[in-house]
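Undergrad: coords below, sequence missing:
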């Protein structure tokens, strides 16, 4: 009887060890919206605008790191003058995310940086070019759902001068 009980305890402990890394690898879906603030030469052409973001995040087991892929669609309007209309920003990035803080604390801060590819369409003239980004965010919540806010700098390496902008996003993250 003692052997059976000991065997069940050992099997349960081993199952918990195996399940722990698998739980850390569950993907999380984020959906958000916010403002886009043009920077550099882009700010002389366009006013602030809006954007939508969707992201999929996968945590690395026993690590404060995760990998995240996100898609962004945004729009800014021209400042008048010679051009009427606006600029459409469509693209995605692959990011490394570093989470700061203890797992059981309801407020988590994170840093992210990555590479991507964006299409910048200025009044019908489109360029698709590589991009890089970096930023920080904060998430609030326990369990499978969090509220988050983040700010990033994205630079699309368009011809002549880079298209630089700051998307500021508010949204929800769901565990899957």
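TA: Yep, it's here. For clarity, every value in this text was computed on a predicted model and none was experimentally measured.
Undergrad: hey, where'd the helices end up in this protein?
TA: In the chain, the segments counted as helices under DSSP state H are 2-24, 41-45.
Undergrad: could you give the mean pLDDT of the first one?
TA: I take that to be helix 2-24. Per-residue pLDDT values across helix 2-24 average out to 41.
Undergrad: repeat for the shortest one
TA: When pLDDT is averaged along helix 41-45, the result is 91.
Undergrad: contacts for that helix next, please.
TA: If you take CB atoms under 8 Å, 6 or more residues apart in numbering as the criterion, helix 41-45 is touched by 37-38, 78-79, 83, 87, 122, 161-165. (Glycine included, C-beta is placed from N, CA and C.)
Undergrad: so residue 70 touches residue 51, yeah?
TA: No. The pair residue 70 / residue 51 is not scored as a contact, 10.9 Å apart, by CB atoms under 8 Å.
Undergrad: what's the nearest residue to residue 111 if we skip its chain neighbours?
TA: Excluding the flanking residues, the one nearest residue 111 by CB to CB, 6 or more residues apart in numbering is residue 98, at 4.8 Å.
Undergrad: cross-check the contact I'm expecting between that neighbour and residue 67.
TA: No. Taking CB under 8 Å as the definition, residue 98 is not a contact partner of residue 67, at 11.1 Å.
Undergrad: ok, now which ones touch the residue nearest to residue 111?
TA: Residue 98 neighbours (CB under 8 Å, 6+ apart): 64-65, 110-112.
Undergrad: as a check, name the ranges of all strands in the protein.
TA: Assigned by DSSP state E, the strands in the chain fall at 27-39, 49-59, 65-77, 86-100, 107-122, 125-140, 145-156, 163-175.
Undergrad: each with direction, which strands does the third one pair with?
TA: Put plainly, it is strand 65-77. Partners of strand 65-77 in the sheet, by DSSP bridges, are strand 49-59 (antiparallel), strand 86-100 (antiparallel).
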